[in-house]
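Asks: next one to model:
(one chain, ligands or ions: 1)
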Amino acid sequence: MNIPRSSFPRIVIIGGGFAGISLAKKLKNKNAQVVLLDKHNYHTFQPLLYQVATGGLEAGSIAYPIRKVVQDYENFYFRLANVKEIDAENKKIIADIGDLYFDYLVIATGSKTNYFGNKEIESFSMAMKTIPQSLNIRSLILENFEQALLTNDINERNALMNFVIVGGGPTGVELAGALAEMKKAILPKDYPDLDIRNMGIHVVQGSERLLDAMSPKSSQKAEDFLRGLGVSIWKSVRVTNYDGRMVTTNSDLTFDTATVIWAAGVKGAVVNGLKKEALTERADRVRVNEFNQALGYDTIFAIGDVALMASDKNPQGHPMMAQPAIQQGDLLAENLINLLQNKKMKPFVFNDKGSMATIGRNKAVVDLPHWHFQGVFAWFVWMFVHLFSLIGFKNKAVVLMNWIYNYIKFDREGRLIIRPYKKKNIQSFTSDEF
Ligand SMILES: Cc1cc2nc3c(=O)[nH]c(=O)nc-3n(C[C@H](O)[C@H](O)[C@H](O)COP(=O)(O)OP(=O)(O)OC[C@H]3O[C@@H](n4cnc5c(N)ncnc54)[C@H](O)[C@@H]3O)c2cc1C
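Replies: Model (predicted):
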């Protein structure tokens, strides 16, 4: 990787997401050589991916070049690399661009979509974890309407205009709300020769309520908001399969649809090579102690979505959200500096600042530790928090301008098919793609 050895210990961080970037920032110009590896050359602000998928924002406004974050850091190296394996015994990582030795390793690889082993769903549904995936969804939505214009087959047309979102967590709810707003304000004007009233938007949720990690009041309000926007909500229903056209569920309910967006679960993006003890039973997260040390290792750490810090209070670990990732990154920086100075490490204590979701114009739900509120004020709070959390002044300004424009004009000008999405068919799959 052409990284010279220095007299300082080398800390290798895999992943420039919320956790990795927080850690890197706090390690700026400390007595260590820091190497940050990511398979993308940008940091993604995932909470706004749904706005890219629905044309509300351009991709560039929620991405930030990692090299720009770290450009004035001393003894700091970034490499565009996909890390394939950890050779813990020899203290090195193996990536597509070569191997690299480490003194300390931090795994901050985040999470990936969990299809719970269903290969057909994985093949035919759309995921929304990355910017390219969001752009695929954007293209597919628009391509569907272009195709719906051309077909005389009414079943085909209805399937093209039917959208099924699996998962009623924040991602599913926010995406459904944004699609419903497109249906109301944009699509009838763009496609006057289609009857947009026939567009179906369905949210299928396995548990008894939407946003089931939030308060019952916020769940109910989100459901009311969505129903008010014309979204159909199916609770306590599990999707069992999707063959590219028909969704089947564990009940009699089926959906004939050309588009399924899978927002029903994530699992840790674990890198191969750690011993069993350091992994969860399904090997889908790294088990860590209160210092984020992978179990059984002194010099390997994991932070953010990929790390599972189980405790009596949180047997399933912390929520896979930005706040725990950022806070773990911040504390680990302090702890690594302590380690280098032979000082004691501090245990991680999560400061839960609450959670929120937006459903659309003037509609959001916010659960703070001691206050739950919904509606217009919640929507302003949601916007302020998301704007504030974006990296970079330009991104903040561009997003704010877009939001003001979209609000005033009832518009989303990002509805562009820049990179057409090629639909898959079952014959076109090789086992590698599965
Ligand atoms: C659609 C969506 C909406 C969300 N909305 C919210 C929200 O509103 N509020 C909230 O708190 N959280 C939200 N989240 C969750 C939040 O984004 C994650 O919890 C957070 O990103 C976790 O941070 P992380 O650093 O652990 O992982 P990530 O931010 O995912 O970063 C992981 C990084 O590792 C890199 N990487 C992965 N594997 C490798 C490899 N093998 N080699 C090299 N690089 C690798 C990736 O490219 C990525 O840059 C949302 C997530 C999604 C997908």
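
Asks: only C-alpha atoms from now on, for both contacts and neighbour counts.
Replies: Will do.

Asks: next, count neighbours for Gly230.
Replies: Gly230: 20 surrounding residues under other CA atoms under 10 Å.

Asks: cool, and Asn155?
Replies: Neighbours of Asn155 (other CA under 10 Å): 12.

Asks: give the rounded mean pLDDT of the helix or strand harbouring it.
Replies: Using DSSP states H and E, Asn155 falls within helix 154-160. Throughout helix 154-160, pLDDT has a mean value of 96.

Asks: sheet-wise, list the partners of the helix or strand just after it with their directions.
Replies: Counting by DSSP H and E, the next helix or strand C-terminal to helix 154-160 is strand 162-166. Using DSSP bridges, strand 162-166 pairs in its sheet with strand 200-205 (parallel), strand 259-262 (parallel).

Asks: between the ones you listed, which gets nearest to the ligand?
Replies: Closest to the ligand of the strands paired with strand 162-166 is strand 259-262 (CA to the nearest ligand atom; 10.4 Å).

Asks: Val399 contacts Leu57, correct?
Replies: Yes. Val399 is in contact with Leu57 according to CA atoms under 8 Å; the separation is 7.0 Å.

Asks: assess the claim that Asn250 and Val237 are in contact.
Replies: Yes. Counting by CA under 8 Å, Asn250 does reach Val237; the two are 6.5 Å apart.

Asks: could you dump the strands paired with strand 162-166 to a markdown table with mean neighbour count?
Replies: Output for these, formatted as a markdown table (neighbours: other CA atoms under 10 Å):
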| stretch | mean neighbour count |
| --- | --- |
| strand 200-205 | 23 |
| strand 259-262 | 24 |
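
Asks: what does the pLDDT read for the closest residue to Thr299 other than its chain neighbours?
Replies: Nearest residue to Thr299, sequence neighbours excluded (CA to CA, 6 or more residues apart in numbering): Tyr104, at 4.9 Å. The per-residue pLDDT reported for Tyr104 equals 98.

Asks: what distance do you get for Tyr104 to Glu89?
Replies: 13 Å (CA to CA, to the nearest Å).

Asks: of these two, who's got more company?
Replies: Remark: of Tyr104 and Glu89, Tyr104 carries more neighbours, 18 against 8, as counted by other CA under 10 Å.

Asks: now that one: phi and psi?
Replies: Torsion angles at Tyr104 (phi, psi; degrees, to the nearest 10) stand at phi -130, psi 140.

Asks: what residues are up against it?
Replies: Taking CA atoms under 8 Å, 6 or more residues apart in numbering as the criterion, Tyr104 is in contact with 9-12, 299-301.

Asks: turn the buried ones among those into a named PyMOL selection, would you?
Replies: To isolate the buried members of the contacts of Tyr104 in PyMOL, using 16 or more other CA atoms under 10 Å:
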select buried, resi 10+11+12+299+300+301
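
Asks: nearest to the ligand among the contacts of Tyr104?
Replies: Val12 (11.2 Å).

Asks: just checking, that closest one touches Ala108?
Replies: No. Using CA under 8 Å, Val12 is not in contact with Ala108, being 10.3 Å away.

Asks: just the strands in the stretch 1-150 of the chain please.
Replies: All strands of the stretch 1-150 of the chain, identified by DSSP state E, counting those that start in this stretch, fall at 10-14, 33-38, 42-44, 63-65, 76-80, 83-87, 92-95, 98-101, 104-107, 111-113.

Asks: domains in this protein, by residue range?
Replies: What the record gives for the chain is the domain set 10-39+81-113+267-340, 119-264+354-420, from automatic domain parsing.

Asks: next, count neighbours for the nearest residue to Asp411 once chain neighbours are set aside.
Replies: Spatial nearest neighbour of Asp411, excluding adjacent residues (CA to CA, 6+ apart): Ile186 at 6.6 Å. For Ile186, the count of nearby residues is 18 (other CA under 10 Å).

Asks: repeat that for Lys267.
Replies: Lys267 - counted by other CA under 10 Å - has 19 other residues nearby.

Asks: residues in contact with it?
Replies: Lys267 neighbours (CA under 8 Å, 6+ apart): 111-114, 284-285, 306.

Asks: which among those are in contact with the ligand?
Replies: Contacts with the ligand within these, counted by CA under 6 Å from any ligand atom: 111, 306.

Asks: any idea how far Ser139 is from the residue nearest to Asn144 when sequence neighbours are not counted?
Replies: In space, and not counting its chain neighbours, Asn144 is closest to Leu160: 5.2 Å by CA to CA, 6+ apart. For Leu160, the distance to Ser139 equals 13 Å [CA to CA].

Asks: more neighbours: which of these two?
Replies: Neighbours per residue (other CA under 10 Å) separate Leu160 from Ser139, with Leu160 holding more: 26 against 22.

Asks: which residues does the closest residue to the ligand within the stretch 101-250 of the chain contact?
Replies: Nearest residue of the stretch 101-250 of the chain to the ligand: Gly110, at 3.1 Å (CA to the nearest ligand atom). The contact partners of Gly110, by CA under 8 Å, 6+ apart, come to 15, 17, 268-269, 304-306.

Asks: next, give phi and psi for it.
Replies: Here Gly110 shows phi and psi, under degrees, to the nearest 10, equal to phi 70, psi -140.

Asks: ok, the one 5 residues further on next?
Replies: Note on Tyr115: its backbone torsions stand at phi -100, psi 10 [degrees, to the nearest 10].

Asks: now it: closest residue in space, sequence neighbours ignored.
Replies: Glu122 is the one closest to Tyr115 (CA to CA, 6+ apart), at 6.0 Å.

Asks: what residues does the stretch 201-350 of the chain put near the ligand?
Replies: Contacts of the stretch 201-350 of the chain with the ligand, taken as CA under 6 Å from any ligand atom, map to 269, 271, 304-306, 320-323, 325.

Asks: want to throw those residues into JSON lines with secondary structure, neighbour count and pLDDT?
Replies: Formatted as JSON lines, those follow (DSSP: H, G, I helix; E, B strand; the rest coil; neighbours: other CA atoms under 10 Å; pLDDT from 0 to 100):
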{"residue": "Ala269", "secondary structure": "coil", "neighbour count": "20", "pLDDT": "96"}
{"residue": "Val271", "secondary structure": "coil", "neighbour count": "20", "pLDDT": "97"}
{"residue": "Gly304", "secondary structure": "helix", "neighbour count": "30", "pLDDT": "98"}
{"residue": "Asp305", "secondary structure": "helix", "neighbour count": "29", "pLDDT": "97"}
{"residue": "Val306", "secondary structure": "helix", "neighbour count": "26", "pLDDT": "98"}
{"residue": "Met320", "secondary structure": "coil", "neighbour count": "18", "pLDDT": "94"}
{"residue": "Met321", "secondary structure": "coil", "neighbour count": "14", "pLDDT": "95"}
{"residue": "Ala322", "secondary structure": "helix", "neighbour count": "18", "pLDDT": "95"}
{"residue": "Gln323", "secondary structure": "helix", "neighbour count": "20", "pLDDT": "96"}
{"residue": "Ala325", "secondary structure": "helix", "neighbour count": "27", "pLDDT": "98"}
